[in-house]
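>>> Please find the sequence and the predicted model below.
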Amino acid sequence: MREDTAVRRLDPGYFVRPASETGGPRPRVEPVLAYLVRRPEGLLLFDTGIGAADPGTEAHHRPRRRGLAQALADAGVAPADIALVVNCPLRPEPRT
């Protein structure tokens with residue numbers, strides 16, 4: 001990695017993967033990660049957290065969201081400091 005690039009992981013929350021999806025006997029807490037990338041051109045935010053879903057998906061995965069402004073503040077950054085945002089969609093797995 002170049003010396004003028006720095007990456008910091010942010011914590012925008014988590015969701016719970018039910019035991020029926022883990023291959024084991026217990027549910028598993030899965031972190032949702034976002035990354036702040038400091039570049040000479042400015043700050044890049046890779047992902048913004050957990051979006052809202054339909055009530056069934058919300059109940060199934062029980063997400064716990066942490067506000068983006070708070071996650072950024074913990075990294076010493078304000079939303080206005082971000083030059084570029086890249087979002088990756090989280091595609092829910094089909095339930096049977």
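Perfect, I can see it now.

>>> which sections of the protein are below the confidence cut-off?
1-5, 89-96 (pLDDT under 70).

>>> the helices in it, which residues?
Here the chain has its helices, by DSSP state H, at 19-22, 55-61, 68-74.

>>> which of the ones you listed sits most buried?
Ranked by mean neighbour count under mean count of other CB atoms under 10 Å, the helices of the chain are led by helix 68-74, which reaches a mean of 15. (Each C-beta comes from the backbone N, C-alpha and C, glycine too.)

>>> tell me what that one is packed against?
Packed against helix 68-74 by the contact rule (3 or more CB pairs under 8 Å, 6 or more residues apart in numbering; DSSP states H and E) you find strand 6-17, strand 28-39.

>>> In the sheet, which strands lie alongside the last one, parallel or antiparallel?
With DSSP bridges as the criterion, the sheet partners recorded for strand 28-39 are strand 6-17 (antiparallel), strand 42-46 (antiparallel).

>>> quick one on the thing from earlier: right, and the helices of the chain - which one's nearest residue 31?
helix 68-74 (12.0 Å; CB to CB).

>>> what residues does the closest one touch?
If you take CB atoms under 8 Å, 6 or more residues apart in numbering as the criterion, helix 68-74 is touched by 10, 11, 12, 34, 36, 45, 48, 49, 78, 79, 81, 82.

>>> can you pull the contacts of the last one?
With contacts taken as CB under 8 Å, 6+ apart, residue 82 has the following neighbours: 42, 43, 44, 45, 72.

>>> ok, now the second one?
Residue 11 sits next to 31, 33, 34, 66, 71, 74 when contact means CB under 8 Å, 6+ apart.
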